[in-house]
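Asker: sequence unknown, structure follows:
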(Lines give C-alpha, C1' and ligand atoms only; values in the text may rest on other atoms or scores of the structure.)
Protein backbone atom coordinates (compact mmCIF):
# COMPACT_ATOMS: atom_id res chain seq x y z
CA UNK A 1 0.00 0.00 0.00
CA UNK A 2 1.47 3.32 -1.06
CA UNK A 3 1.36 5.82 1.82
CA UNK A 4 1.25 9.01 -0.28
CA UNK A 5 0.20 8.52 -3.87
CA UNK A 6 0.14 11.09 -6.65
CA UNK A 7 -1.43 10.93 -10.06
CA UNK A 8 -0.41 11.26 -12.76
CA UNK A 9 3.27 10.41 -12.52
CA UNK A 10 4.02 12.25 -15.76
CA UNK A 11 2.11 15.09 -17.36
CA UNK A 12 2.99 16.71 -20.67
CA UNK A 13 0.78 19.55 -21.78
CA UNK A 14 0.75 22.67 -23.87
CA UNK A 15 1.07 26.24 -22.67
CA UNK A 16 -2.22 27.78 -21.71
CA UNK A 17 -3.89 24.54 -20.71
CA UNK A 18 -5.41 23.84 -17.30
CA UNK A 19 -4.37 20.68 -15.47
CA UNK A 20 -4.78 18.99 -12.10
CA UNK A 21 -2.56 16.76 -10.01
CA UNK A 22 -4.15 14.55 -7.38
CA UNK A 23 -2.70 13.40 -4.07
CA UNK A 24 -4.02 10.93 -1.54
CA UNK A 25 -2.56 9.68 1.73
CA UNK A 26 -3.66 6.64 3.70
CA UNK A 27 -1.64 7.39 6.82
CA UNK A 28 -4.39 9.13 8.74
CA UNK A 29 -2.35 12.33 8.80
CA UNK A 30 -3.94 15.74 9.47
CA UNK A 31 -1.63 17.87 7.35
CA UNK A 32 -0.77 17.78 3.67
CA UNK A 33 1.63 19.79 1.52
CA UNK A 34 2.63 20.58 -2.03
CA UNK A 35 6.28 21.14 -2.93
CA UNK A 36 7.84 22.14 -6.23
CA UNK A 37 11.30 20.99 -7.34
CA UNK A 38 12.66 22.96 -10.25
CA UNK A 39 15.36 22.05 -12.76
CA UNK A 40 18.05 23.16 -10.32
CA UNK A 41 16.69 20.65 -7.83
CA UNK A 42 15.60 23.19 -5.23
CA UNK A 43 12.61 21.99 -3.24
CA UNK A 44 10.20 24.75 -2.27
CA UNK A 45 7.03 24.49 -0.27
CA UNK A 46 3.97 25.87 -2.01
CA UNK A 47 0.95 25.10 0.14
CA UNK A 48 -0.07 23.32 3.30
CA UNK A 49 -3.47 22.22 4.54
CA UNK A 50 -4.30 21.16 8.06
CA UNK A 51 -7.65 19.46 8.56
CA UNK A 52 -8.79 20.84 5.19
CA UNK A 53 -7.81 24.38 6.15
CA UNK A 54 -5.14 26.29 4.24
CA UNK A 55 -2.33 27.20 6.63
CA UNK A 56 0.62 27.88 4.36
CA UNK A 57 0.41 29.74 1.09
CA UNK A 58 3.87 30.70 -0.08
CA UNK A 59 4.46 33.20 -2.86
CA UNK A 60 2.84 31.19 -5.59
CA UNK A 61 1.02 32.62 -8.64
CA UNK A 62 -2.73 32.54 -8.16
CA UNK A 63 -2.93 30.30 -11.24
CA UNK A 64 -2.14 27.56 -8.70
CA UNK A 65 -5.09 26.58 -6.56
CA UNK A 66 -5.00 23.75 -4.02
CA UNK A 67 -8.17 21.99 -3.00
CA UNK A 68 -8.64 19.65 -0.07
CA UNK A 69 -11.98 17.81 -0.20
CA UNK A 70 -11.06 15.86 2.95
CA UNK A 71 -8.05 15.24 5.18
CA UNK A 72 -6.80 12.41 3.00
CA UNK A 73 -6.74 14.34 -0.27
CA UNK A 74 -4.99 17.45 -1.51
CA UNK A 75 -5.24 18.28 -5.19
CA UNK A 76 -3.39 20.94 -7.12
CA UNK A 77 -5.05 22.70 -10.00
CA UNK A 78 -3.01 24.87 -12.34
CA UNK A 79 -4.61 27.31 -14.77
CA UNK A 80 -3.05 28.78 -17.90
CA UNK A 81 0.10 26.71 -17.71
CA UNK A 82 3.39 28.44 -18.55
CA UNK A 83 6.76 27.06 -19.59
CA UNK A 84 8.17 28.01 -16.18
CA UNK A 85 5.71 25.70 -14.46
CA UNK A 86 7.67 22.71 -15.74
CA UNK A 87 8.98 20.97 -12.62
CA UNK A 88 8.47 17.97 -10.40
CA UNK A 89 5.66 18.46 -7.91
CA UNK A 90 5.70 16.49 -4.68
CA UNK A 91 2.85 15.94 -2.30
CA UNK A 92 3.60 15.19 1.35
CA UNK A 93 1.76 14.58 4.58
CA UNK A 94 2.52 14.72 8.29
CA UNK A 95 0.66 13.76 11.42
CA UNK A 96 0.44 17.41 12.44
CA UNK A 97 2.22 20.69 11.85
CA UNK A 98 4.47 20.53 14.90
CA UNK A 99 8.20 20.22 14.29
CA UNK A 100 8.42 16.90 16.07
CA UNK A 101 6.63 15.06 13.24
CA UNK A 102 8.23 13.84 10.06
CA UNK A 103 6.87 14.22 6.55
CA UNK A 104 6.06 11.40 4.15
CA UNK A 105 6.44 12.31 0.50
CA UNK A 106 4.91 10.95 -2.64
CA UNK A 107 7.01 9.92 -5.61
CA UNK A 108 6.30 13.09 -7.55
CA UNK A 109 4.56 14.28 -10.69
CA UNK A 110 6.83 15.45 -13.48
CA UNK A 111 5.05 18.26 -15.30
CA UNK A 112 6.38 19.34 -18.68
CA UNK A 113 4.84 22.34 -20.39
CA UNK A 114 5.59 22.63 -24.09
CA UNK B 1 14.31 30.57 9.33
CA UNK B 2 17.15 29.00 11.29
CA UNK B 3 19.79 27.99 8.78
CA UNK B 4 22.02 24.98 8.36
CA UNK B 5 25.35 24.66 6.57
CA UNK B 6 26.43 21.47 4.86
CA UNK B 7 29.33 20.64 2.53
CA UNK B 8 28.26 20.41 -1.09
CA UNK B 9 29.36 16.83 -1.56
CA UNK B 10 31.04 13.84 0.00
CA UNK B 11 32.33 10.51 -1.27
CA UNK B 12 32.45 7.25 0.60
CA UNK B 13 33.27 3.62 -0.02
CA UNK B 14 30.69 0.89 0.06
CA UNK B 15 30.38 -0.92 3.40
CA UNK B 16 32.27 1.81 5.26
CA UNK B 17 30.71 4.23 7.76
CA UNK B 18 29.78 7.69 6.56
CA UNK B 19 29.62 10.81 8.71
CA UNK B 20 27.64 13.68 7.20
CA UNK B 21 28.18 16.95 9.10
CA UNK B 22 25.78 19.83 9.57
CA UNK B 23 26.35 23.18 11.26
CA UNK B 24 23.48 25.12 12.75
CA UNK B 25 25.01 27.75 14.99
CA UNK B 26 21.81 29.83 15.24
CA UNK B 27 19.63 26.95 16.43
CA UNK B 28 17.07 27.89 19.05
CA UNK B 29 16.05 25.85 22.06
CA UNK B 30 12.92 24.35 20.53
CA UNK B 31 14.30 23.61 17.06
CA UNK B 32 14.29 19.97 16.03
CA UNK B 33 17.10 18.71 13.81
CA UNK B 34 15.67 16.72 10.91
CA UNK B 35 17.46 14.75 8.22
CA UNK B 36 15.89 13.75 4.93
CA UNK B 37 17.37 12.23 1.84
CA UNK B 38 16.36 12.19 -1.80
CA UNK B 39 17.40 9.28 -3.94
CA UNK B 40 17.63 9.92 -7.71
CA UNK B 41 14.21 10.33 -9.32
CA UNK B 42 12.37 9.82 -6.03
CA UNK B 43 10.64 11.96 -3.45
CA UNK B 44 12.40 13.05 -0.27
CA UNK B 45 12.48 10.42 2.45
CA UNK B 46 12.56 10.98 6.20
CA UNK B 47 15.73 9.62 7.79
CA UNK B 48 15.86 10.69 11.42
CA UNK B 49 15.31 13.63 13.76
CA UNK B 50 16.31 14.68 17.25
CA UNK B 51 16.24 17.51 19.74
CA UNK B 52 19.09 17.14 22.22
CA UNK B 53 20.03 13.50 22.66
CA UNK B 54 21.63 11.22 20.12
CA UNK B 55 19.12 9.12 18.21
CA UNK B 56 19.31 5.75 16.48
CA UNK B 57 16.94 4.07 14.08
CA UNK B 58 17.17 1.35 11.48
CA UNK B 59 18.41 3.74 8.83
CA UNK B 60 20.98 5.86 10.64
CA UNK B 61 22.22 7.50 13.82
CA UNK B 62 22.11 11.18 14.67
CA UNK B 63 24.82 12.58 16.88
CA UNK B 64 24.02 16.02 18.29
CA UNK B 65 26.73 18.22 19.79
CA UNK B 66 26.30 19.18 23.41
CA UNK B 67 25.78 22.86 22.49
CA UNK B 68 23.46 21.75 19.64
CA UNK B 69 25.28 23.96 17.16
CA UNK B 70 26.20 21.02 15.00
CA UNK B 71 25.10 17.49 14.30
CA UNK B 72 26.29 14.49 12.34
CA UNK B 73 24.26 11.93 10.46
CA UNK B 74 25.97 8.55 10.61
CA UNK B 75 25.33 5.79 8.12
CA UNK B 76 26.97 2.77 9.69
CA UNK B 77 27.67 0.81 6.51
CA UNK B 78 27.13 2.68 3.28
CA UNK B 79 25.58 0.83 0.39
CA UNK B 80 25.25 1.93 -3.21
CA UNK B 81 21.60 2.58 -2.49
CA UNK B 82 22.58 5.28 0.02
CA UNK B 83 23.85 7.53 -2.78
CA UNK B 84 21.52 10.51 -2.50
CA UNK B 85 21.19 14.15 -1.52
CA UNK B 86 20.97 14.44 2.27
CA UNK B 87 19.28 17.46 3.80
CA UNK B 88 19.82 18.70 7.33
CA UNK B 89 16.86 20.88 8.31
CA UNK B 90 15.89 22.75 11.46
CA UNK B 91 12.24 22.82 12.35
CA UNK B 92 10.68 24.88 15.11
CA UNK B 93 8.25 23.05 17.38
CA UNK B 94 5.41 25.35 16.39
CA UNK B 95 4.70 28.37 14.23
CA UNK B 96 5.77 29.44 10.79
CA UNK B 97 9.23 27.92 11.15
CA UNK B 98 7.86 24.48 11.91
CA UNK B 99 7.47 23.75 8.22
CA UNK B 100 10.08 21.69 6.39
CA UNK B 101 12.30 24.09 4.43
CA UNK B 102 14.93 22.46 2.24
CA UNK B 103 18.38 23.88 1.54
CA UNK B 104 20.89 22.59 -0.98
CA UNK B 105 21.82 19.47 0.95
CA UNK B 106 24.92 17.35 0.60
CA UNK B 107 25.33 14.97 -2.31
CA UNK B 108 26.71 11.64 -1.14
CA UNK B 109 28.42 9.40 -3.67
CA UNK B 110 29.21 5.79 -2.77
CA UNK B 111 32.05 3.98 -4.52
CA UNK B 112 31.75 0.21 -5.01
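Answerer: Arrived safely, thanks for sending. As the structure is a prediction and not an experimental result, all values here were calculated from the model. Numbers count the residues shown, from 1 in each chain, chains lettered A, B, ... in the order given.
Asker: What's the separation between the residue of chain A positioned farthest from its centre and chain B?
Answerer: Distance from the C-alpha centroid of chain A peaks at residue A:100, with 21.7 Å (C-alpha atoms, centre = their mean). Between residue A:100 and chain B the computed distance is 6 Å (C-beta to the nearest C-beta, to the nearest Å). Every C-beta, even on glycine, is put in place using the N, C-alpha and C of the backbone.
Asker: Can you tell me the element the closest residue to that residue other than its chain neighbours falls in?
Answerer: Sequence neighbours aside, residue B:32 is the residue nearest to residue A:100 in space, at 6.0 Å (criterion: C-beta to C-beta, 6 or more residues apart in numbering or on different chains). Secondary structure assignment for residue B:32, by DSSP states H and E: strand B:31-38.
Asker: what lines up beside that strand in the sheet?
Answerer: Strand pairing for strand B:31-38, determined by DSSP bridges: strand B:45-50 (antiparallel), strand B:84-92 (antiparallel).
Asker: which of those is buried the deepest?
Answerer: Of the strands paired with strand B:31-38, the one with the most neighbours on average (mean count of other C-beta atoms under 10 Å in any protein chain shown) is strand B:84-92, at a mean of 23.
Asker: Figure out how far it is from the centre of its chain.
Answerer: 5 Å (C-alpha atoms, centre = their mean, to the nearest Å).
Asker: Contacts for the next helix or strand after that strand, please.
Answerer: Remark: after strand B:84-92, the chain's next helix or strand is strand B:106-111, criterion DSSP H and E. Contacts with strand B:106-111, where a contact means C-beta atoms under 8 Å, 6 or more residues apart in numbering or on different chains, come from B:6-14, B:18, B:20, B:78-80, B:82-88.
Asker: Quick check: residues of chain A near chain B?
Answerer: Proximity of chain A to chain B, by C-beta under 8 Å from any C-beta of the partner chain, involves residues A:4, A:33, A:41-45, A:48, A:56, A:90, A:92, A:97-100, A:102-108.
Asker: out of those residues, which are buried?
Answerer: A:4, A:33, A:43, A:45, A:48, A:56, A:90, A:92, A:97, A:99-100, A:102-108 (16 or more other C-beta atoms under 10 Å in any protein chain shown).
Asker: hmm, back to that, and the contacts of strand B:106-111, which of them are buried?
Answerer: Buried, going by 16+ other C-beta under 10 Å: B:6, B:10, B:12, B:18, B:20, B:78, B:82-88, out of the contacts of strand B:106-111.
Asker: Need those residues in CSV (columns: pLDDT).
Answerer: CSV is the format used below for these (pLDDT from 0 to 100):
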residue, pLDDT
B:6, 97
B:10, 97
B:12, 97
B:18, 97
B:20, 98
B:78, 96
B:82, 97
B:83, 97
B:84, 97
B:85, 98
B:86, 98
B:87, 98
B:88, 97
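Asker: re the thing from before, measure how the strand holding residue B:32 sits relative to strand B:106-111, angle-wise.
Answerer: In terms of direction (axes from the mean of the first three to the mean of the last three C-alpha atoms, to 10 degrees), strand B:31-38 departs from strand B:106-111 by 50 degrees.
Asker: Just the buried residues of strand B:31-38, please?
Answerer: Residues of strand B:31-38 classed as buried: B:31-38 (neighbour count, 16+ other C-beta under 10 Å).
Asker: Residues touching that strand, excluding its own?
Answerer: With contact meaning C-beta under 8 Å, 6+ apart, strand B:31-38 is reached by A:43, A:99-100, A:102-103, B:2, B:20, B:22, B:24, B:27, B:44-51, B:60, B:62, B:64, B:68, B:71, B:73, B:82, B:84-93, B:97, B:100, B:102, B:105.
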